[in-house]
Every structure is written in structure tokens, then in C-alpha cells.
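Novice: Sequence plus the predicted model coming up.
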Amino acid sequence: MNNFTFCNPVKIIFGKDTISKLSKELSNDSKVMIIYGGGSIKNNGVYDQVINALTGHKFVEFSGIEPNPHYETCIKCADMIRRENVDFLLAVGGGSVIDATKFIAAAALYDGDAWDIMTGKGKIIKAMPFGTVLTLPATGSEMNSGSVITKASTQEKFAFNSTLVFPKFSVLDPETTFSLPPKQIANGIIDTFVHVMEQYLTYNVNAKLQDYFAESILKVLIEEGSKVFENPYDYDIRANLMWASTWGLNGWIAKGVAEDWSTHMIGHELTALHGIDHGQTLAIVLPGVMGIMKDDKEEKILQLGERVFNITEGSNQDRIIKTIDAVDNFFQSLGIKTRLTDYNVGKETIDSIVKRFEDRNWALGEKGNITPEVVREILIKRM
Ligand code: NZQ
Ligand code: ZN
């Protein structure tokens, strides 16, 4: 196991009717800004619950954060925060609203062009405090310090990370997820599945607890993912999915092990260039990464096959192929298509992505050997 330090300061408030506990987390002197998306929270009753919980507190609202949140929208929100003297932010929504709030929390106090935060040119030295009410289990953003923002004008999608943007608290009420459309449920399960894979499917460092924990999260996703569509109002299924997705990316399973975020980095380009949902891009790319990198990842693919999909028969090569197929089939069983051609993406897009990675000098993967040309092979495999 590799050396590590670990600190996750996010307070989790989990369970039924927990939105009513918001008031206790907010100071009476604060002026709060509620930040949300396109209105799903108004249709499913979450907005009303938040407003009730904020009785007696001063607050303003900012809505219209888009899925794959835009830098341009965040900047408008940061301007409003400064005008209104807001001092606490409350994100209510999925990963996009939470990520946007993290960026806004930093941008509102940043001198200069806040896009520099995303490109790494600028460093955050302070950020506003914020809390979250999660409505879509997927990203883990409610319990981590990462954020992914898109600049619409240049079709660029980048991530940033800073310990200054950990939420102060996150409210996780599984009932808020009852209203999710099937596609978003599937996207969320796939996103969590792939977060686990990026932190697990590398090389063995004999980190037993991290491995067993990662495999447990995958098993919960497979088990509950096979039931949730037919039982959308089953509280326990929703609770298990919600808690699994938080643990998929709260930093814990990454500690002491190698990581490979190549599926995400390639997926982000497909979203930036074609608007394909985050979860869908991962379902396209991961089987390609597994196939092309199968020699480097052999030991872990065999372990995944055996412990998660019960694949124990045949030669190592047979078991690897069966395991990659099992992953692809799992994504498809959730109703998500897994080929580039399913989304009308052709060779020109592959060329553009390879060119972007060359320009950025990117070499991805746990060994830094997923060069732009390897990215091409991965994507061609997924045509
Ligand atoms: O905009 P609203 O009206 O809220 O509707 C949303 C949106 O249309 C809707 N929705 C959310 N909760 C709902 C609901 N509809 C009905 N009932 C509910 N309870 O679902 C749609 C998608 O929401 P979004 O927030 O975009 O989805 P998700 O949570 O999957 O977030 C995706 C974003 O997170 C980033 C992705 O790149 C993408 O931009 N990620 C962030 C990460 C992080 N911060 O650690 C890691 C991830 O890998 C990921 O990259
Ligand atoms: Zn993701």
C-alpha cells in the first residue's frame, strides 16, 4: 500500500425528512443564496422543503445552472453574490449544481479571470462556505472537493480540486431521488461504477481494505441497479444507491492505491464536443480502456471478474474478455448505449480529441502510458 494522508471534513446528514434539519446548519446572521438548476426541484417538492426549512433566514435565489454547468452562468451568479452581499451558498440539485456552487464559491472571491482556476493558471486562496442538498446520486461531489466546469464558448470541460471547496455539510434524503427519470438513474449508477473503476482497476498494491470496499460498492450498484427501475419508490434501494455513490468518490477508496482517470478525461471531451451525458460517455469509453490496456490491468481485471461477476472459468485471456463483456452488458442492462456510433460520433471527433490531448501534452493512465495515440485506439475500438 502506498503512503497517504486522509481528511474528509464533510458533515453528512442522511435519511428521510432530513431537509428540515437545514436550519440548524445555518447561522441566523447569514444571508444565504440557494443555487439550483432547471426546475426539477420545483416539480418534486424539494424546493418547498428547502424554503420551509429556511423560514426565519435571509436568502436569495439563483436558478438556471445547466447540466455540465457553464462557466458563463457561474460568473453571472458570482456577480449577483457580490451585489447582494451573500455570505453562504446552498446548492440544491445534482452534481452539476454542486460543482457550479464550488466554482462560484471560489470565483466570487477571486481577483482576475476566474477561468484561470480551471486551467490551473490561477490558485484559489479563499472560497465562500457552502452546503448542499443532493437530489441525484452519481458524482460524489456532495462529499468531495472536486468540480467540473464547461466553458461553452470554447467547448472546453475541465476539472479543478481544492480543499477549500469541501461542502460544510450535505443533506442526503433518498426520497428526493424518487422523481429521477430512468436515464438519470442509469447515468448515476454508471458514473459511480466508473469512479470506482478509476480508483481500482490499475495495478495491485495489496491494499486489501480499499479493494474489498471498492468491490462492495460495485456489488451494491449491480444488485440495486437490477431492481430500481421496477421499484422506483423503494426507499431502501434508493438509500443504498445514494450512499454507494457518495462513497464511490469521497476520496476514501483512492487512498494508498494507483489511480487512472483516463475514462473520465476522454469522456469529458465527448460531452464538451457533443453534449453526451457524463454517464453515457463513461459507458462508451470504459470497455475500450479495459480492452486496450488489458495487459497493464490484467491482475485487477481478473480479480474484478472473479469477485464481482463470478467469472472463474477459462484461460486468463478468456476471463478478461468475459469480464469486459460483463461490464459492457451491465451498462446496457441499465438502458444505456455503449458505442460511439449509437450517438452519431464519427472519426472526425476522434481526431479532434487526439489533437486536443496532443496540444495539452497529456499522457493518461496509472502509468502515464495512455498517450494521445492510445486514446485514438481506445476510441476506434468503441466505434
Ligand atoms: O437542472 P435540474 O432541473 O436540477 O435537473 C437535473 C438535470 O436535468 C435532473 N435532476 C437532478 N435531480 C433530479 C433531477 N430530475 C428529477 N428528479 C431529481 N431528483 O437531472 C439532470 C442531470 O443533473 P446533473 O446534476 O447534471 O447530473 P449529475 O449529478 O450526473 O452531474 C453531472 C456533472 O457532474 C460532473 C460531470 O462532469 C457533470 O458535469 N462530475 C463531477 C464530479 C465531481 N465533482 O467530483 C465527478 C464526476 O466524475 C463528474 O465528472
Ligand atoms: Zn464521473
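Specialist: That came in fine, so what should we check first? Residues are numbered from 1 along each chain as shown. Ligands and ions are numbered 1, 2, ... in the order given.
Novice: can you pull the contacts of residue 122?
Specialist: By C-beta atoms under 8 Å, 6 or more residues apart in numbering, the residues touching residue 122 are 110, 112-114, 116. C-beta coordinates here come from the backbone N, C-alpha and C atoms, glycine included.
Novice: Could you check the pLDDT of the residue nearest the centre of the chain?
Specialist: What sits nearest the mean C-alpha location of the chain, by C-alpha atoms, centre = their mean, is residue 139, with 2.6 Å. On the pLDDT scale, residue 139 is placed at 98.
Novice: Hmm, residue 190 and it touching each other?
Specialist: No: taking C-beta atoms under 8 Å as the definition, residue 139 is not a contact partner of residue 190, at 11.6 Å.
Novice: which parts of the chain sit against ligand 1?
Specialist: 37-40, 44, 67-68, 93-97, 99, 135-136, 138-141, 144, 146-148, 176-177, 179-180, 184, 187-188, 191, 249, 264, 278 (C-beta under 6 Å from any ligand atom).
Novice: just checking, residue 9 touches residue 165?
Specialist: No: using C-beta under 8 Å, residue 9 is not in contact with residue 165, being 11.4 Å away.
Novice: And those two? Which one has more around it.
Specialist: Neighbour count, other C-beta atoms under 10 Å: between residue 9 and residue 165, residue 165 has more, with 26 against 11.
Novice: Now the more buried one. Nearest residue, chain neighbours left out?
Specialist: Nearest residue to residue 165 in three dimensions, chain neighbours excluded: residue 102, at 4.0 Å (C-beta to C-beta, 6 or more residues apart in numbering).
Novice: That neighbour - how many residues pack around it?
Specialist: With other C-beta under 10 Å as criterion, residue 102 counts 32.
Novice: for residue 117, same thing?
Specialist: 24.
Novice: One more: residue 173?
Specialist: 23.
Novice: Please apply the same query to residue 256.
Specialist: Neighbourhood size, residue 256 [other C-beta under 10 Å]: 15.
Novice: Let me know whether it touches residue 202 as I believe.
Specialist: No: using C-beta under 8 Å, residue 256 makes no contact with residue 202, being 11.9 Å away.
Novice: And the helices in the stretch 101-250 of the chain?
Specialist: 115-119, 182-200, 208-225, 235-248 (DSSP state H, counting those that start in this stretch).
Novice: Would you reformat these as TSV and include mean pLDDT?
Specialist: Converted to TSV, the helices of the stretch 101-250 of the chain look like this (pLDDT from 0 to 100):
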stretch	mean pLDDT
helix 115-119	96
helix 182-200	98
helix 208-225	98
helix 235-248	98
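Novice: any idea of the pLDDT on the closest residue to residue 163 other than its chain neighbours?
Specialist: Ranked by C-beta to C-beta, 6+ apart and with sequence neighbours excluded, the top spatial neighbour of residue 163 is residue 145, at 5.4 Å. On pLDDT, residue 145 comes in at 98.
Novice: tell me the contacts of residue 145?
Specialist: Residue 145 makes contact with 102, 161-166, according to C-beta under 8 Å, 6+ apart.
Novice: contacting residues for the residue nearest to residue 165?
Specialist: By C-beta under 8 Å, 6+ apart, the contact set of residue 102 is 127, 130, 141, 145-147, 165.
Novice: Next: residue 255.
Specialist: 4, 6, 210.
Novice: For burial, what's the neighbour tally of the second one?
Specialist: Counted with other C-beta under 10 Å, residues neighbouring residue 6 total 9.
Novice: Just the element for it, please.
Specialist: Assigned by DSSP states H and E, residue 6 falls within no helix or strand.
Novice: So what's the residue count around the residue of the stretch 201-350 of the chain found nearest ligand 1?
Specialist: Of all residues in the stretch 201-350 of the chain, the one sitting closest to ligand 1 is residue 278 (4.1 Å; C-beta to the nearest ligand atom). Residue 278: 24 surrounding residues under other C-beta under 10 Å.
Novice: ok, it touching residue 99?
Specialist: No: judged on C-beta under 8 Å, residue 278 makes no contact with residue 99 at a distance of 10.6 Å.
Novice: all strands for the protein, in order.
Specialist: Along the chain, the segments classed as strands by DSSP state E run 11-14, 31-36, 58-62, 88-93, 130-134, 146-151, 156-161, 169-172.
Novice: and the last one, average pLDDT?
Specialist: This points to strand 169-172. 98.
Novice: Of all the residues in that strand, which ones are buried?
Specialist: 169-172 (16 or more other C-beta atoms under 10 Å).
Novice: For the residue nearest to residue 330 when sequence neighbours are not counted, give its distance to residue 193.
Specialist: Leaving aside its chain neighbours, residue 330 sits nearest to residue 222 (6.4 Å; criterion: C-beta to C-beta, 6+ apart). Here residue 222 is placed at a distance of 8 Å from residue 193 (C-beta to C-beta, to the nearest Å).
Novice: Give me the more crowded residue out of these two.
Specialist: Taking other C-beta under 10 Å, residue 222 and residue 193 do not tie; residue 193 has more neighbours (25 against 16).
Novice: Could you double-check that that one lies in contact with residue 218?
Specialist: Yes: under the criterion of C-beta under 8 Å, residue 193 makes contact with residue 218 at 6.3 Å.
Novice: so who does the closest residue to residue 46 other than its chain neighbours touch?
Specialist: Spatial nearest neighbour of residue 46, excluding adjacent residues (C-beta to C-beta, 6+ apart): residue 176 at 5.2 Å. Applying C-beta under 8 Å, 6+ apart to residue 176 gives the contacts 19, 44, 46, 133-135.
Novice: what do you get for residue 156?
Specialist: 150, 272.
Novice: what pLDDT does it get?
Specialist: The model reports residue 156 with a pLDDT of 95.
Novice: ok, what's across the strand from it?
Specialist: Judged by DSSP bridges, the bridge partners of residue 156 are residue 151.
Novice: any idea how far it is from ligand 1?
Specialist: For residue 156, the distance to ligand 1 (C-beta to the nearest ligand atom, to the nearest Å) stands at 13 Å.
Novice: now swap in residue 382 and tell me
Specialist: Applying C-beta to the nearest ligand atom, the value for residue 382 to ligand 1 is 19 Å.
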